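A.B. asks: pasting a predicted model and its sequence here:
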Amino acid sequence: MNNAGRRVAIIDGCRTPFAKSGTDFRNVTAVELGKASVRELIARTELDVEQIDHVVYGTVVQSVQEPNIAREVTLGAGIPPRVPSFTVGRACASSNQAITSAAEQIALGMADVIVAGGAESLTDVPILFSKEMREALVRASKARSLPDRLRAFATIRPRHLAPIAPAIAEPTTGLTMGESAEKMARENGISREEQDRWALRSHQLAAAATEDGRLTAEIAPFYVPPKYQEVVQRDNGVRADTSLEKLSTLKPVFDRRYGTVTAGNASPLTDGASAVLLMSEEKAKELGYTPLGFIRSYAYAALDPADQLLQGPVYAAPTAFDRAGLTMKDIGLLEVHEAFAAQVLSNLQWFDSDEIARKRLGRDRAIGLPPEDRINVMGGSIAIGHPFGATGGRLTVTLLNEMRRRGEQFGMISVCAAGAMGFVMIVEAAPA
Ligand SMILES: CC(C)(COP(=O)(O)OP(=O)(O)OC[C@H]1O[C@@H](n2cnc3c(N)ncnc32)[C@H](O)[C@@H]1OP(=O)(O)O)[C@@H](O)C(=O)NCCC(=O)NCCS
(Lines give C-alpha, C1' and ligand atoms only; values in the text may rest on other atoms or scores of the structure.)
Protein backbone atom coordinates (compact mmCIF):
# COMPACT_ATOMS: atom_id res chain seq x y z
CA MET A 1 0.00 0.00 0.00
CA ASN A 2 2.86 2.43 0.67
CA ASN A 3 3.77 4.53 -2.36
CA ALA A 4 0.56 3.28 -3.95
CA GLY A 5 -2.16 5.83 -3.53
CA ARG A 6 -3.48 7.91 -0.70
CA ARG A 7 -2.76 7.15 2.94
CA VAL A 8 -5.61 5.34 4.70
CA ALA A 9 -6.49 6.26 8.28
CA ILE A 10 -8.25 3.99 10.75
CA ILE A 11 -10.30 6.40 12.81
CA ASP A 12 -11.88 4.11 15.40
CA GLY A 13 -13.72 0.85 15.83
CA CYS A 14 -15.88 -1.14 18.22
CA ARG A 15 -17.72 -4.42 18.49
CA THR A 16 -20.55 -6.26 20.18
CA PRO A 17 -19.67 -8.57 23.04
CA PHE A 18 -18.63 -11.99 21.71
CA ALA A 19 -20.89 -14.80 22.97
CA LYS A 20 -20.44 -18.55 22.63
CA SER A 21 -22.95 -19.73 20.04
CA GLY A 22 -26.29 -20.82 21.44
CA THR A 23 -25.94 -18.58 24.52
CA ASP A 24 -26.61 -14.82 24.92
CA PHE A 25 -27.29 -14.23 21.21
CA ARG A 26 -29.24 -17.41 20.49
CA ASN A 27 -32.22 -15.37 19.23
CA VAL A 28 -30.19 -12.71 17.40
CA THR A 29 -29.18 -12.78 13.73
CA ALA A 30 -25.81 -11.76 12.31
CA VAL A 31 -27.53 -8.80 10.66
CA GLU A 32 -28.82 -7.58 14.05
CA LEU A 33 -25.35 -7.93 15.55
CA GLY A 34 -23.83 -6.08 12.60
CA LYS A 35 -26.34 -3.24 12.84
CA ALA A 36 -25.63 -2.82 16.55
CA SER A 37 -21.88 -2.55 16.03
CA VAL A 38 -22.19 -0.06 13.14
CA ARG A 39 -24.74 2.08 15.01
CA GLU A 40 -22.37 2.20 17.98
CA LEU A 41 -19.44 3.14 15.75
CA ILE A 42 -21.41 6.04 14.29
CA ALA A 43 -22.44 7.21 17.76
CA ARG A 44 -18.94 6.92 19.24
CA THR A 45 -17.27 8.78 16.41
CA GLU A 46 -20.13 11.33 16.12
CA LEU A 47 -19.94 10.67 12.42
CA ASP A 48 -22.26 12.61 10.14
CA VAL A 49 -23.76 9.69 8.21
CA GLU A 50 -24.04 11.91 5.13
CA GLN A 51 -20.24 11.68 4.89
CA ILE A 52 -20.25 7.87 4.41
CA ASP A 53 -19.37 6.82 0.86
CA HIS A 54 -19.58 3.04 1.17
CA VAL A 55 -20.13 0.14 3.56
CA VAL A 56 -18.09 -3.07 3.21
CA TYR A 57 -18.97 -5.95 5.50
CA GLY A 58 -17.74 -9.52 5.91
CA THR A 59 -19.39 -12.77 6.89
CA VAL A 60 -18.66 -16.47 6.39
CA VAL A 61 -21.85 -18.45 6.93
CA GLN A 62 -24.25 -16.42 4.84
CA SER A 63 -27.92 -16.17 5.63
CA VAL A 64 -30.11 -17.54 2.84
CA GLN A 65 -32.69 -14.81 3.44
CA GLU A 66 -30.22 -11.91 3.76
CA PRO A 67 -27.30 -12.85 1.51
CA ASN A 68 -25.89 -9.31 1.20
CA ILE A 69 -25.40 -8.65 4.92
CA ALA A 70 -23.58 -5.39 4.15
CA ARG A 71 -26.74 -3.97 2.59
CA GLU A 72 -29.02 -4.98 5.47
CA VAL A 73 -26.56 -3.58 8.01
CA THR A 74 -26.37 -0.31 6.06
CA LEU A 75 -30.14 0.05 5.86
CA GLY A 76 -30.66 -0.89 9.48
CA ALA A 77 -27.94 1.24 11.02
CA GLY A 78 -29.28 4.66 10.09
CA ILE A 79 -27.01 5.11 7.07
CA PRO A 80 -28.72 6.83 4.11
CA PRO A 81 -30.11 4.28 1.61
CA ARG A 82 -28.15 5.99 -1.22
CA VAL A 83 -24.89 4.68 0.34
CA PRO A 84 -23.94 1.48 -1.52
CA SER A 85 -22.75 -1.64 0.28
CA PHE A 86 -21.14 -4.94 -0.56
CA THR A 87 -20.42 -8.15 1.31
CA VAL A 88 -17.03 -9.86 1.24
CA GLY A 89 -15.94 -13.35 2.26
CA ARG A 90 -12.43 -14.61 2.94
CA ALA A 91 -13.17 -17.18 5.64
CA CYS A 92 -11.80 -16.12 9.04
CA ALA A 93 -10.15 -13.07 7.44
CA SER A 94 -13.47 -11.73 6.12
CA SER A 95 -13.48 -8.51 8.16
CA ASN A 96 -9.80 -8.02 7.31
CA GLN A 97 -10.92 -8.31 3.70
CA ALA A 98 -13.64 -5.73 4.37
CA ILE A 99 -11.05 -3.36 5.84
CA THR A 100 -8.57 -3.82 2.97
CA SER A 101 -11.28 -3.59 0.28
CA ALA A 102 -12.32 -0.31 1.92
CA ALA A 103 -8.69 0.82 2.11
CA GLU A 104 -8.16 0.11 -1.59
CA GLN A 105 -11.12 2.27 -2.57
CA ILE A 106 -9.84 5.09 -0.38
CA ALA A 107 -6.25 4.75 -1.62
CA LEU A 108 -7.46 4.92 -5.21
CA GLY A 109 -9.47 8.05 -4.55
CA MET A 110 -12.80 6.33 -5.16
CA ALA A 111 -14.07 7.00 -1.64
CA ASP A 112 -13.17 9.08 1.41
CA VAL A 113 -15.19 7.59 4.26
CA ILE A 114 -16.00 3.88 4.57
CA VAL A 115 -17.53 1.77 7.33
CA ALA A 116 -16.08 -1.75 7.30
CA GLY A 117 -16.33 -4.77 9.57
CA GLY A 118 -18.10 -8.07 9.80
CA ALA A 119 -20.53 -10.26 11.71
CA GLU A 120 -21.23 -13.91 12.31
CA SER A 121 -23.90 -15.95 13.97
CA LEU A 122 -22.86 -19.54 14.43
CA THR A 123 -26.11 -20.12 16.32
CA ASP A 124 -28.32 -19.18 13.39
CA VAL A 125 -26.81 -21.27 10.58
CA PRO A 126 -28.71 -22.37 7.48
CA ILE A 127 -29.56 -26.07 7.61
CA LEU A 128 -30.13 -27.76 4.25
CA PHE A 129 -32.40 -30.58 3.16
CA SER A 130 -30.86 -33.54 1.31
CA LYS A 131 -30.61 -33.30 -2.51
CA GLU A 132 -33.47 -35.81 -2.88
CA MET A 133 -35.72 -33.81 -0.56
CA ARG A 134 -34.84 -30.52 -2.31
CA GLU A 135 -35.72 -32.04 -5.69
CA ALA A 136 -39.01 -33.37 -4.32
CA LEU A 137 -39.91 -29.94 -2.92
CA VAL A 138 -39.22 -28.30 -6.30
CA ARG A 139 -41.33 -30.99 -8.04
CA ALA A 140 -44.14 -30.41 -5.54
CA SER A 141 -44.03 -26.65 -6.06
CA LYS A 142 -44.60 -27.17 -9.80
CA ALA A 143 -47.37 -29.77 -9.38
CA ARG A 144 -50.80 -28.72 -10.61
CA SER A 145 -52.97 -30.98 -8.41
CA LEU A 146 -52.92 -32.46 -4.92
CA PRO A 147 -52.25 -36.05 -6.19
CA ASP A 148 -49.33 -34.73 -8.30
CA ARG A 149 -48.00 -32.90 -5.26
CA LEU A 150 -48.17 -36.09 -3.18
CA ARG A 151 -46.51 -38.09 -5.97
CA ALA A 152 -43.60 -35.63 -5.89
CA PHE A 153 -42.66 -37.15 -2.52
CA ALA A 154 -43.12 -40.78 -3.60
CA THR A 155 -39.35 -41.42 -3.79
CA ILE A 156 -38.60 -39.85 -0.42
CA ARG A 157 -37.29 -42.27 2.21
CA PRO A 158 -36.69 -41.54 5.93
CA ARG A 159 -32.94 -41.10 5.30
CA HIS A 160 -33.68 -38.21 2.93
CA LEU A 161 -35.23 -36.28 5.80
CA ALA A 162 -31.94 -35.96 7.68
CA PRO A 163 -30.83 -32.28 7.72
CA ILE A 164 -27.38 -31.16 6.50
CA ALA A 165 -25.58 -28.59 8.64
CA PRO A 166 -22.64 -26.52 7.31
CA ALA A 167 -19.34 -28.24 8.11
CA ILE A 168 -16.20 -26.44 9.29
CA ALA A 169 -14.25 -28.68 6.94
CA GLU A 170 -12.08 -28.15 3.90
CA PRO A 171 -13.96 -29.18 0.76
CA THR A 172 -10.72 -30.29 -0.94
CA THR A 173 -9.37 -32.47 1.87
CA GLY A 174 -12.47 -33.23 3.95
CA LEU A 175 -10.47 -32.40 7.09
CA THR A 176 -12.12 -30.19 9.72
CA MET A 177 -10.26 -27.20 11.11
CA GLY A 178 -9.70 -29.11 14.33
CA GLU A 179 -8.23 -32.11 12.48
CA SER A 180 -5.97 -29.74 10.58
CA ALA A 181 -4.82 -28.20 13.88
CA GLU A 182 -4.05 -31.73 15.12
CA LYS A 183 -1.96 -32.34 12.01
CA MET A 184 -0.01 -29.12 12.61
CA ALA A 185 0.58 -30.01 16.27
CA ARG A 186 1.90 -33.42 15.22
CA GLU A 187 4.13 -32.22 12.39
CA ASN A 188 5.55 -29.29 14.38
CA GLY A 189 5.97 -31.22 17.63
CA ILE A 190 3.65 -28.99 19.67
CA SER A 191 2.71 -30.78 22.89
CA ARG A 192 -0.63 -30.79 24.67
CA GLU A 193 0.95 -28.98 27.61
CA GLU A 194 2.29 -26.16 25.43
CA GLN A 195 -1.18 -25.77 23.89
CA ASP A 196 -2.88 -25.70 27.29
CA ARG A 197 -0.36 -23.14 28.55
CA TRP A 198 -1.15 -20.88 25.60
CA ALA A 199 -4.89 -21.29 26.23
CA LEU A 200 -4.41 -20.45 29.91
CA ARG A 201 -2.43 -17.34 28.96
CA SER A 202 -5.20 -16.32 26.55
CA HIS A 203 -7.82 -16.55 29.31
CA GLN A 204 -5.69 -14.87 31.96
CA LEU A 205 -4.75 -11.91 29.76
CA ALA A 206 -8.31 -11.50 28.44
CA ALA A 207 -9.68 -11.68 31.99
CA ALA A 208 -7.21 -8.99 33.13
CA ALA A 209 -8.07 -6.76 30.14
CA THR A 210 -11.79 -7.26 30.87
CA GLU A 211 -11.34 -6.34 34.54
CA ASP A 212 -9.24 -3.22 33.87
CA GLY A 213 -11.64 -2.10 31.12
CA ARG A 214 -9.28 -2.22 28.12
CA LEU A 215 -11.34 -4.92 26.37
CA THR A 216 -14.74 -3.73 27.53
CA ALA A 217 -13.98 -0.19 26.28
CA GLU A 218 -14.17 -1.58 22.75
CA ILE A 219 -17.50 -3.31 23.38
CA ALA A 220 -20.93 -1.83 22.77
CA PRO A 221 -23.46 -3.14 25.30
CA PHE A 222 -26.05 -5.21 23.43
CA TYR A 223 -29.74 -5.06 24.44
CA VAL A 224 -31.23 -8.42 23.56
CA PRO A 225 -34.45 -8.35 21.50
CA PRO A 226 -37.40 -8.78 21.64
CA LYS A 227 -37.82 -7.31 25.14
CA TYR A 228 -34.56 -5.34 25.30
CA GLN A 229 -34.45 -5.87 29.07
CA GLU A 230 -31.40 -8.11 29.17
CA VAL A 231 -28.11 -6.38 28.36
CA VAL A 232 -24.90 -8.22 27.41
CA GLN A 233 -21.77 -6.21 28.16
CA ARG A 234 -18.91 -8.69 28.16
CA ASP A 235 -17.49 -11.59 26.20
CA ASN A 236 -18.90 -14.69 27.85
CA GLY A 237 -16.15 -17.19 26.92
CA VAL A 238 -13.40 -15.66 29.06
CA ARG A 239 -12.70 -17.88 32.07
CA ALA A 240 -10.82 -16.05 34.80
CA ASP A 241 -10.88 -19.24 36.88
CA THR A 242 -9.41 -21.73 34.43
CA SER A 243 -6.16 -23.46 35.30
CA LEU A 244 -3.60 -25.76 33.76
CA GLU A 245 -5.02 -28.57 35.91
CA LYS A 246 -8.56 -28.07 34.57
CA LEU A 247 -7.37 -27.68 30.99
CA SER A 248 -5.31 -30.85 31.22
CA THR A 249 -8.38 -32.93 32.17
CA LEU A 250 -10.32 -32.07 28.99
CA LYS A 251 -10.62 -34.83 26.41
CA PRO A 252 -9.27 -34.36 22.87
CA VAL A 253 -12.15 -33.62 20.48
CA PHE A 254 -10.88 -34.16 16.96
CA ASP A 255 -8.65 -37.20 17.49
CA ARG A 256 -10.07 -38.86 20.54
CA ARG A 257 -7.28 -41.44 20.97
CA TYR A 258 -4.03 -39.67 20.25
CA GLY A 259 -5.08 -36.03 19.86
CA THR A 260 -4.12 -32.89 21.78
CA VAL A 261 -6.74 -30.35 20.66
CA THR A 262 -9.54 -29.90 23.22
CA ALA A 263 -12.47 -27.54 23.84
CA GLY A 264 -10.07 -25.68 26.15
CA ASN A 265 -7.26 -24.97 23.69
CA ALA A 266 -9.51 -24.29 20.65
CA SER A 267 -11.49 -21.12 19.97
CA PRO A 268 -15.20 -21.66 20.63
CA LEU A 269 -17.96 -21.27 18.04
CA THR A 270 -19.05 -17.68 18.63
CA ASP A 271 -21.61 -15.00 17.69
CA GLY A 272 -20.64 -11.33 17.36
CA ALA A 273 -19.90 -8.34 15.12
CA SER A 274 -17.31 -5.60 14.66
CA ALA A 275 -17.16 -2.24 12.89
CA VAL A 276 -14.26 0.00 11.86
CA LEU A 277 -14.27 3.52 10.41
CA LEU A 278 -11.73 4.29 7.68
CA MET A 279 -11.00 7.61 5.96
CA SER A 280 -8.49 9.15 3.65
CA GLU A 281 -5.90 11.10 5.65
CA GLU A 282 -7.07 14.34 4.04
CA LYS A 283 -10.75 13.71 4.86
CA ALA A 284 -9.91 12.85 8.47
CA LYS A 285 -8.08 16.18 8.79
CA GLU A 286 -10.89 18.07 7.11
CA LEU A 287 -13.50 16.56 9.48
CA GLY A 288 -11.28 17.10 12.52
CA TYR A 289 -10.62 13.44 13.41
CA THR A 290 -7.46 12.21 15.09
CA PRO A 291 -7.08 8.67 13.71
CA LEU A 292 -5.97 5.72 15.82
CA GLY A 293 -3.47 4.91 13.10
CA PHE A 294 -2.73 4.27 9.47
CA ILE A 295 -2.50 1.17 7.33
CA ARG A 296 1.16 0.82 6.45
CA SER A 297 0.95 -2.34 4.34
CA TYR A 298 -0.71 -5.72 4.05
CA ALA A 299 -0.50 -8.97 2.13
CA TYR A 300 -2.59 -12.07 1.55
CA ALA A 301 -1.03 -15.43 0.70
CA ALA A 302 -2.06 -19.06 0.48
CA LEU A 303 -0.71 -22.60 0.41
CA ASP A 304 -2.11 -26.02 -0.40
CA PRO A 305 -4.89 -26.95 2.08
CA ALA A 306 -3.46 -30.49 2.20
CA ASP A 307 -0.24 -29.02 3.63
CA GLN A 308 -0.40 -27.18 7.00
CA LEU A 309 -3.79 -25.53 6.62
CA LEU A 310 -3.37 -22.63 9.03
CA GLN A 311 0.16 -21.45 8.14
CA GLY A 312 -0.97 -18.85 5.57
CA PRO A 313 0.23 -15.85 7.65
CA VAL A 314 3.81 -17.15 7.53
CA TYR A 315 3.65 -16.88 3.73
CA ALA A 316 2.03 -13.42 3.81
CA ALA A 317 4.33 -11.80 6.37
CA PRO A 318 7.54 -11.31 4.32
CA THR A 319 5.58 -9.55 1.56
CA ALA A 320 3.77 -7.34 4.08
CA PHE A 321 7.13 -6.34 5.63
CA ASP A 322 8.68 -5.67 2.21
CA ARG A 323 5.75 -3.47 1.31
CA ALA A 324 5.99 -1.65 4.65
CA GLY A 325 9.75 -1.14 4.38
CA LEU A 326 10.02 -2.50 7.93
CA THR A 327 11.19 -5.63 9.75
CA MET A 328 9.87 -7.52 12.76
CA LYS A 329 12.33 -5.52 14.93
CA ASP A 330 10.13 -2.48 14.30
CA ILE A 331 7.01 -4.21 15.60
CA GLY A 332 6.03 -3.18 19.13
CA LEU A 333 2.88 -5.32 19.41
CA LEU A 334 1.68 -8.38 17.53
CA GLU A 335 -1.91 -9.68 17.36
CA VAL A 336 -2.11 -13.29 16.18
CA HIS A 337 -5.59 -14.69 15.63
CA GLU A 338 -6.01 -17.77 17.82
CA ALA A 339 -8.10 -20.39 16.01
CA PHE A 340 -6.33 -23.10 18.03
CA ALA A 341 -3.34 -22.95 20.39
CA ALA A 342 -1.70 -25.55 18.12
CA GLN A 343 -2.05 -23.13 15.19
CA VAL A 344 -0.73 -20.07 17.10
CA LEU A 345 2.30 -21.99 18.30
CA SER A 346 2.86 -23.42 14.81
CA ASN A 347 2.64 -19.93 13.27
CA LEU A 348 5.10 -18.53 15.84
CA GLN A 349 7.48 -21.45 15.29
CA TRP A 350 7.51 -20.89 11.52
CA PHE A 351 7.74 -17.08 11.71
CA ASP A 352 10.98 -17.64 13.60
CA SER A 353 12.49 -20.50 11.58
CA ASP A 354 15.35 -19.80 9.15
CA GLU A 355 14.88 -23.30 7.78
CA ILE A 356 11.23 -22.64 6.91
CA ALA A 357 12.24 -19.28 5.40
CA ARG A 358 14.80 -20.99 3.14
CA LYS A 359 12.81 -24.10 2.23
CA ARG A 360 9.35 -22.67 1.84
CA LEU A 361 9.54 -18.91 1.41
CA GLY A 362 12.61 -18.46 -0.78
CA ARG A 363 14.11 -16.10 1.81
CA ASP A 364 17.52 -16.22 3.50
CA ARG A 365 16.25 -15.60 7.00
CA ALA A 366 13.13 -15.85 9.10
CA ILE A 367 11.23 -12.63 9.83
CA GLY A 368 11.65 -13.49 13.54
CA LEU A 369 9.43 -12.71 16.49
CA PRO A 370 9.05 -10.04 19.16
CA PRO A 371 9.33 -11.20 22.81
CA GLU A 372 6.27 -13.19 23.94
CA ASP A 373 5.09 -10.39 26.24
CA ARG A 374 4.36 -8.35 23.10
CA ILE A 375 2.10 -10.97 21.53
CA ASN A 376 -1.69 -11.00 22.14
CA VAL A 377 -1.26 -8.89 25.26
CA MET A 378 -5.03 -8.81 25.91
CA GLY A 379 -5.60 -12.50 25.22
CA GLY A 380 -6.92 -13.87 21.96
CA SER A 381 -9.70 -15.68 20.17
CA ILE A 382 -9.37 -18.82 22.35
CA ALA A 383 -10.68 -16.86 25.34
CA ILE A 384 -12.49 -13.92 23.72
CA GLY A 385 -14.19 -16.04 21.04
CA HIS A 386 -14.11 -16.07 17.27
CA PRO A 387 -17.17 -15.01 15.27
CA PHE A 388 -15.52 -15.81 11.91
CA GLY A 389 -16.67 -12.69 10.03
CA ALA A 390 -15.96 -10.28 12.91
CA THR A 391 -12.57 -11.23 14.35
CA GLY A 392 -10.44 -9.15 11.95
CA GLY A 393 -12.17 -5.96 13.07
CA ARG A 394 -11.57 -6.85 16.70
CA LEU A 395 -7.87 -7.53 16.15
CA THR A 396 -7.39 -4.22 14.30
CA VAL A 397 -9.07 -2.10 16.96
CA THR A 398 -7.53 -3.92 19.92
CA LEU A 399 -4.06 -3.58 18.46
CA LEU A 400 -4.33 0.12 17.63
CA ASN A 401 -5.85 1.01 21.01
CA GLU A 402 -3.11 -0.84 22.89
CA MET A 403 -0.41 0.70 20.67
CA ARG A 404 -1.71 4.13 21.62
CA ARG A 405 -1.75 3.29 25.35
CA ARG A 406 1.82 2.02 25.16
CA GLY A 407 3.15 4.60 22.74
CA GLU A 408 4.15 1.95 20.18
CA GLN A 409 4.68 3.08 16.60
CA PHE A 410 4.17 -0.12 14.60
CA GLY A 411 1.99 -3.20 15.08
CA MET A 412 1.25 -6.36 13.15
CA ILE A 413 -1.91 -8.45 12.70
CA SER A 414 -1.76 -12.09 11.60
CA VAL A 415 -4.85 -14.08 10.62
CA CYS A 416 -5.07 -17.65 9.34
CA ALA A 417 -8.11 -18.64 7.33
CA ALA A 418 -9.80 -21.67 5.79
CA GLY A 419 -8.62 -22.62 2.32
CA ALA A 420 -5.06 -22.32 3.72
CA MET A 421 -5.05 -18.56 3.31
CA GLY A 422 -3.26 -16.06 5.48
CA PHE A 423 -3.33 -12.32 6.07
CA VAL A 424 -0.78 -9.97 7.60
CA MET A 425 -1.25 -6.23 8.09
CA ILE A 426 1.23 -3.70 9.43
CA VAL A 427 -0.31 -0.63 11.06
CA GLU A 428 1.30 2.58 12.16
CA ALA A 429 0.09 4.67 15.10
CA ALA A 430 -1.01 8.21 14.41
CA PRO A 431 0.48 10.92 16.63
CA ALA A 432 -2.08 11.32 19.47
C1 LIG B 1 -13.76 -27.58 20.22
C2 LIG B 1 -15.28 -27.56 20.14
C3 LIG B 1 -15.80 -28.76 19.32
C4 LIG B 1 -15.81 -27.64 21.57
O5 LIG B 1 -17.18 -27.51 21.57
P6 LIG B 1 -18.05 -27.83 22.86
O7 LIG B 1 -17.88 -29.26 23.26
O8 LIG B 1 -19.43 -27.33 22.59
O9 LIG B 1 -17.35 -26.91 23.94
P10 LIG B 1 -17.80 -26.54 25.40
O11 LIG B 1 -17.66 -25.07 25.54
O12 LIG B 1 -19.14 -27.15 25.72
O13 LIG B 1 -16.68 -27.21 26.27
C14 LIG B 1 -16.64 -28.60 26.54
C15 LIG B 1 -16.26 -28.80 27.99
O16 LIG B 1 -14.96 -28.26 28.19
C17 LIG B 1 -14.99 -27.34 29.27
N18 LIG B 1 -14.03 -26.26 28.99
C19 LIG B 1 -13.87 -25.61 27.81
N20 LIG B 1 -12.92 -24.68 27.97
C21 LIG B 1 -12.46 -24.76 29.22
C22 LIG B 1 -11.47 -24.06 29.94
N23 LIG B 1 -10.75 -23.08 29.39
N24 LIG B 1 -11.26 -24.39 31.22
C25 LIG B 1 -11.97 -25.37 31.81
N26 LIG B 1 -12.93 -26.07 31.17
C27 LIG B 1 -13.18 -25.76 29.89
C28 LIG B 1 -16.41 -26.85 29.30
O29 LIG B 1 -16.77 -26.36 30.57
C30 LIG B 1 -17.19 -28.07 28.95
O31 LIG B 1 -17.31 -28.86 30.11
P32 LIG B 1 -18.69 -29.61 30.44
O33 LIG B 1 -18.88 -30.58 29.31
O34 LIG B 1 -18.41 -30.22 31.76
O35 LIG B 1 -19.73 -28.52 30.45
C36 LIG B 1 -15.81 -26.26 19.45
O37 LIG B 1 -15.55 -25.15 20.28
C38 LIG B 1 -15.16 -26.05 18.11
O39 LIG B 1 -15.55 -26.67 17.12
N40 LIG B 1 -14.16 -25.16 18.06
C41 LIG B 1 -13.35 -24.95 16.88
C42 LIG B 1 -14.00 -23.95 16.02
C43 LIG B 1 -13.30 -23.87 14.70
O44 LIG B 1 -13.02 -24.84 14.03
N45 LIG B 1 -13.02 -22.67 14.32
C46 LIG B 1 -12.37 -22.41 13.08
C47 LIG B 1 -11.18 -21.65 13.36
S48 LIG B 1 -10.45 -21.03 11.91
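C.D. replies: Here it is on my side, so go on. Predicted model, so just to flag it, every value in this text is computed and none were measured.

A.B. asks: what are the ranges of the helices in this protein?
C.D. replies: Using DSSP state H, the helices of the chain run over residues 30-45, 69-76, 94-107, 131-142, 146-151, 177-188, 192-211, 244-249, 281-287, 312-324, 341-351, 354-361, 381-384, 391-406.

A.B. asks: what's the closest of the ones you listed to Arg296?
C.D. replies: Comparing these by their distance to Arg296 (Cβ to Cβ), the top pick is helix 312-324, with 4.6 Å. C-beta: built from backbone N, CA, C; applies to glycine.

A.B. asks: so how far is the closest one off the chain centroid?
C.D. replies: Its chain's C-alpha centre and that of helix 312-324 lie 19 Å apart, by Cα atoms, centre = their mean, to the nearest Å.

A.B. asks: tell me which other helices or strands it touches.
C.D. replies: strand 293-302, helix 341-351, helix 354-361, strand 410-417, strand 421-429 (3 or more Cβ pairs under 8 Å, 6 or more residues apart in numbering; DSSP states H and E).

A.B. asks: relative to strand 293-302, how tilted is the last one?
C.D. replies: Just to be clear, that refers to strand 421-429. Calculated by axes from the mean of the first three to the mean of the last three Cα atoms, to 10 degrees, strand 421-429 forms an angle of 160 degrees with strand 293-302.

A.B. asks: quick check: angle from strand 421-429 to helix 341-351?
C.D. replies: Angle, strand 421-429 to helix 341-351, by the same axes, to 10 degrees: 70 degrees.

A.B. asks: what does the chain put close to the ligand?
C.D. replies: Within the chain, the residues that sit near the ligand (Cβ under 6 Å from any ligand atom) are 92, 168, 177-178, 199, 203, 239, 242, 246-247, 250, 253, 263-264, 266-269, 339.

A.B. asks: verify the stated contact: Asp307 with Trp350.
C.D. replies: No. With contact defined as Cβ atoms under 8 Å, Asp307 does not count as touching Trp350 (11.6 Å).

A.B. asks: for the stretch 301-432 of the chain, which residue gets nearest to the ligand?
C.D. replies: Per Cβ to the nearest ligand atom, Ala339 is where the stretch 301-432 of the chain lies closest to the ligand, at 3.5 Å.

A.B. asks: pull the contacting residues for the residue lying closest to that residue once chain neighbours are set aside.
C.D. replies: With Cβ to Cβ, 6 or more residues apart in numbering as the criterion, Ala339 has its nearest non-adjacent residue at 5.5 Å, and that residue is Ser267. Contacts for Ser267 (Cβ atoms under 8 Å, 6 or more residues apart in numbering) come out as Glu338, Ala339, Phe340, Ser381, Ile382, Gly385, His386.

A.B. asks: how about 6 Å then?
C.D. replies: Glu338, Ala339, Ser381, Ile382, His386 (Cβ atoms under 6 Å, 6 or more residues apart in numbering).

A.B. asks: same question, Tyr315
C.D. replies: Contact analysis of Tyr315 by Cβ under 6 Å, 6+ apart lists Ala301, Leu303, Gly422.

A.B. asks: wait, which of the residues you listed is closest to Val64?
C.D. replies: Taking Cβ to Cβ as the measure, Val64 lies nearest Gly422 of those, at 29.2 Å.

A.B. asks: isn't the closest one right up against Leu309?
C.D. replies: No. Assessed by Cβ atoms under 6 Å, Gly422 is found out of contact with Leu309, at 10.2 Å.

A.B. asks: which neighbours do the two have in common?
C.D. replies: Applying Cβ under 6 Å, 6+ apart, one finds that no residue jointly contacts Gly422 and Leu309.

A.B. asks: still on that earlier bit, need the helices and strands packed on helix 312-324 in JSON lines (columns: mean neighbour count and mean pLDDT).
C.D. replies: Shown next, in JSON lines, are these (neighbours: other Cβ atoms under 10 Å; pLDDT from 0 to 100):
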{"stretch": "strand 293-302", "mean neighbour count": "21", "mean pLDDT": "98"}
{"stretch": "helix 341-351", "mean neighbour count": "26", "mean pLDDT": "98"}
{"stretch": "helix 354-361", "mean neighbour count": "15", "mean pLDDT": "98"}
{"stretch": "strand 410-417", "mean neighbour count": "27", "mean pLDDT": "98"}
{"stretch": "strand 421-429", "mean neighbour count": "26", "mean pLDDT": "98"}
